[in-house]
Every structure is written in C-alpha cells, then in structure tokens.
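# here you go, sequence then predicted model.
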Amino acid sequence: MPSLTLKSGVEFYYTDSGAVTSGGNYTTLVIIHGHTFHSGTFQRLNPLARPNSLRIISLNRREYPGTSPYSAEELTVFAEGTEDERTSLLQQQGHDLALFLDGLVDELSIPNAGGIVLIGWSMGTIFLLSLIASMATLPTATKERLFSFVHTVILFQPPLLALGLPSPSGWLVPHTDPDIAPEARGAVFAKWISSHFVHGDLSTRNIDNLTYSNTDPLRTPTVETLNPQELFSMADFAPGEKYDNIVGLPPFANAVFKLTQKALFDPAVRGAWSGTRFWNVYGDAEPRDIIYAAWYLEDQSHAANTPELSINFKVIEGGNHFLVWEEPERAIAELKECFSI
C-alpha cells in the first residue's frame with residue numbers, strides 16, 4: 001500500500017486514484033478525513049477521478065490504518081496537556097502534513113499546471129487548518145512549492161467543534177448527550193452524523209429552525225446501508241478513544257478556535273497563501289452544528305470585509321454528511337465547481 005515517510009520517521013498511508021494518463025494538465029485533490037471514517041470513505045470517488053481530469057489522494061491521519069501511531073507522550077498531551085502543549089501538538093500535525101504534501105509533489109510528479117486542491121472533511125478540517133497555519137514554520141523550498149501548487153482550500157462539511165466555535169446554549173452532540181450511555185455513544189454518533197436531517201426554513205438563518213433529531217424517515221442513515229465489509233474498509237473506531245474524541249470536544253475547543261482564527265483570519269497567514277481560494281461547502285440535510293458553523297464563519301468573513309480574508313460558501317441541496325459515499329458523482333461535480341470558476 002502506498003505511503004510516504006518524513007525525515008522524522010512519521011509515515012503516512014494514502015490511497016491514490018493515479019495520474020491522469022491523457023495529459024499532465026489535471027488537478028490533484030488531497031483529502032484529509034474526519035473522525036472514525038478514514039481514507040476508505042472516499043473510495044467511491046476514485047473511479048470518477050480520471051474521467052473528470054482529477055487525481056484523488058486520500059491520506060490516513062496518525063493512528064489510522066497504515067499511518068504511524070502517536071507516542072505515549074503525545075497521547076498524554078492530547079488527554080491531559082495544557083492549552084499551550086495541545087496547541088503546539090496541533091501545530092506539529094500541520095507542519096508534518098505540509099511536509100507530507102510537499103513530498104507527494106516530488107514523489108508522484110504532481111503537475112503544477114492543474115495544481116492542488118486541499119480538502120479537509122468533517123473533523124479533518126482541524127488538521128487542514130493546522131497545515132494552512134504552519135506556513136511560517138516550513139523550509140523555504142516547501143513554502144515556495146505549496147504556494148505554487150495549492151490554488152484552492154475546501155473546508156468540507158466541518159462541524160462547530162472542528163473549528164473550535166462556540167455552540168448555542170443547550171446544544172448537544174451524541175458524545176455529550178447525557179441521555180445516551182457512554183458505551184453506546186460511538187454507534188449512536190455514526191447513525192446521527194450520517195442521517196438526513198429535515199430542518200426548518202434555513203433562509204431565515206434562525207437557529208430555532210435547526211433540529212437535533214428530526215430526520216427524514218424515508219432516507220436510511222448512510223452507516224446503516226453499509227455491509228460489514230464496507231464499514232471495515234472505511235472506519236476505525238479505536239482512534240476516537242485515543243484522541244479524536246478529545247480533539248473534537250469542548251476541552252480542546254479553545255486551542256482549535258485559535259488555530260481556526262490564525263488560519264482563516266490572520267492577514268500574515270492568509271498573505272502567505274495569497275491567490276488561494278478558500279471555500280466552506282456543506283449540505284442542507286446535515287446535522288445542525290455543521291450548518292451553524294457555516295453561518296458563523298460567513299458572519300466572520302463578512303465582518304472582516306477584506307478580499308484578502310474572503311471565504312466562499314456553497315450549500316449542497318439535500319446533501320447529508322456522507323455525500324461522497326451516497327452520491328459520489330454529485331460530490332465530484334459540487335467540489336469541481338469550487339475550483340473550476
């Protein structure tokens with residue numbers, strides 16, 4: 001299986017749809033996965049890559065299959081570290097991912113003509129933003145290559161806690177819901193995150209029109225449509241207990257919030273990526289905190305009121321959190337609109 005090892009010894013496993021043989025002028029998508037559902041989640045996109053003049057590379061984050069685990073010391077920082085220690089650890093993940101991306105450019109001879117689109121899906125947005133914020137820490141040659149190759153960054157379906165944003169009072173997710181037994185929360189979360197939600201009138205941007213539990217009874221949650229082999233090919237529940245549950249929940253929120261603000265609204269950071277287009281893309285049938293996160297970011301972007309810090313927003317009608325699995329052709333088409341403009 002393909003992997004790339006950094007000089008530090010950290011190894012990243014990835015899947016690769018392969019180079020587009022009809023010519024060198026193709027775009028490469030590099031996808032960072034979210035909580036539990038790893039690179040296998042995007043396997044239905046791969047057969048569509050070449051017909052769309054795309055190359056799709058999906059990496060596994062650390063602790064996920066094929067990629068280096070964290071050390072005991074690093075896991076302790078995730079679980080018990082100070083905010084400064086946790087911030088430093090997140091920054092190191094972004095630094096490593098940037099070096100991984102730079103290594104891919106060289107090892108796979110990725111063409112500059114079509115460039116690279118960076119995508120952070122769901123909780124993978126934390127690690128995408130850490131990569132974006134890491135620019136000042138990188139070797140000069142790496143900075144220059146990433147600046148030259150990366151033309152689009154897509155925050156794809158990020159929830160509030162993947163951005164460190166505050167939740168409205170009283171809002172819950174399955175991992176914080178006191179009515180769900182702790183041992184059942186993983187399974188409930190998988191069903192919940194992959195459901196098709198029926199919200200009220202979203203054009204009002206009224207949070208009272210966002211639902212926690214009202215789902216479409218005619219549409220089965222994605223996770224319940226998977227056979228055991230499919231689930232095994234795309235999910236690993238162990239890393240959640242080790243660190244993803246911690247990173248994606250309130251104790252880590254302030255460190256993630258600072259990272260988000262630095263990556264998206266620090267003029268020096270965005271200046272280092274000048275010319276790169278930033279997008280937030282989400283579906284209107286997703287859990288409420290994903291929709292509210294987009295509203296929150298959109299308000300921040302408008303308040304910044306400067307082209308250098310702009311973020312574009314795109315809503316996918318009827319899209320749930322697993323659009324890449326349920327409707328891969330549509331997922332490709334919606335993503336392409338972000339970098340074909």
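Sure, I can see it.
# in the protein, which spans are strands?
Read by DSSP state E, the chain holds these strands, from start to end of the chain: 3-5, 11-16, 27-32, 54-59, 116-121, 150-156, 277-283, 312-316.
# how far off centre is the longest helix seen in the chain?
With secondary structure taken from DSSP state H, the chain has its longest helix at helix 83-107. Centroid separation between helix 83-107 and its chain, computed with C-alpha atoms, centre = their mean, to the nearest Å, is 14 Å.
# quick revisit: and the strands of the chain as JSON lines, adding mean neighbour count and mean pLDDT?
In this view, the C-beta of every residue, glycine as well, is placed from N, C-alpha and C. Formatted as JSON lines, the strands of the chain follow (neighbours: other C-beta atoms under 10 Å; pLDDT from 0 to 100):
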{"stretch": "strand 3-5", "mean neighbour count": "15", "mean pLDDT": "98"}
{"stretch": "strand 11-16", "mean neighbour count": "20", "mean pLDDT": "98"}
{"stretch": "strand 27-32", "mean neighbour count": "25", "mean pLDDT": "98"}
{"stretch": "strand 54-59", "mean neighbour count": "24", "mean pLDDT": "98"}
{"stretch": "strand 116-121", "mean neighbour count": "26", "mean pLDDT": "98"}
{"stretch": "strand 150-156", "mean neighbour count": "24", "mean pLDDT": "98"}
{"stretch": "strand 277-283", "mean neighbour count": "22", "mean pLDDT": "98"}
{"stretch": "strand 312-316", "mean neighbour count": "16", "mean pLDDT": "98"}
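# want to throw the ones you listed into CSV with distance to Pro65?
Putting the strands of the chain into CSV (distance: least, C-beta to C-beta, whole Å) gives the following:
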stretch, distance to Pro65
strand 3-5, 11
strand 11-16, 7
strand 27-32, 15
strand 54-59, 11
strand 116-121, 17
strand 150-156, 21
strand 277-283, 26
strand 312-316, 29
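# circling back to that earlier point, run the angle between the longest helix of the chain and strand 116-121 for me.
Here helix 83-107 runs at 140 degrees with respect to strand 116-121, directions being taken by axes from the mean of the first three to the mean of the last three C-alpha atoms, to 10 degrees.
# could you report the neighbour count for Asn60?
24 (other C-beta atoms under 10 Å).
# next, give phi and psi for it.
According to degrees, to the nearest 10, the main-chain angles of Asn60 amount to phi -100, psi 130.
# separation between it and Ser8?
Noted for Asn60: a distance of 17 Å to Ser8, by C-beta to C-beta, to the nearest Å.
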